[in-house]
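J.: Okay, structure incoming, though there's no sequence with it:
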């Protein structure tokens with residue numbers, strides 16, 4: 001029984017550390033500036049400045065198309081696919 005208690009404590013500790021890391025990562029993500037137009041609690045309408053948006057379309061099974069599209073976008077953002085500097089990214 002003692003071994004099961006140590007295992008449970010280890011799992012709980014690992015989960016707590018993972019949750020804290022997730023929270024800190026999200027809290028420190030850069031976000032674009034915006035002006036709040038409407039905020040009624042359930043809905044926010046925001047006005048953002050001009051932003052760069054990159055999109056791609058891939059056909060096929062969802063998991064394979066998603067992975068292929070993500071590789072294309074990552075190459076574009078990193079500058080490899082367009083021969084330029086890396087594009088800064090922000091959280092929406």
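T.: Thanks, I have the structure now. Everything numeric here is computed off the predicted structure, so don't read it as measured data.
J.: secondary structure element for residue 64?
T.: Using DSSP states H and E, residue 64 falls within helix 62-78.
J.: give me the number of residues near the nearest residue to residue 49 once chain neighbours are set aside?
T.: Counting by Cβ to Cβ, 6 or more residues apart in numbering, residue 49 lies nearest to residue 33, which is 6.6 Å off, once chain neighbours are set aside. For the C-beta atoms, the positions are set from N, CA and C on the backbone; glycine is no exception. Using other Cβ atoms under 10 Å, residue 33 has 9 neighbouring residues.
J.: Give me the secondary structure label for residue 59.
T.: What DSSP: H, G, I helix; E, B strand; the rest coil gives for residue 59 is coil.
J.: Next: residue 46.
T.: Here residue 46 is strand, with the state taken from three-state DSSP.
J.: show me the contacts for the nearest residue to it once chain neighbours are set aside.
T.: In this structure, residue 46 finds its nearest non-sequential neighbour in residue 34, 4.3 Å apart by Cβ to Cβ, 6+ apart. Residues near residue 34 by Cβ atoms under 8 Å, 6 or more residues apart in numbering: 46-49.
J.: Quick check: what element follows the longest helix anywhere in the chain along the chain?
T.: Secondary structure of the chain per DSSP state H: the longest helix is helix 2-27. Remark: after helix 2-27, the chain's next helix or strand is strand 35-39, criterion DSSP H and E.
J.: Please tell me how far that following strand is from the chain's geometric centre.
T.: With Cα atoms, centre = their mean, to the nearest Å as the basis, strand 35-39 stands 23 Å off its chain's centre.
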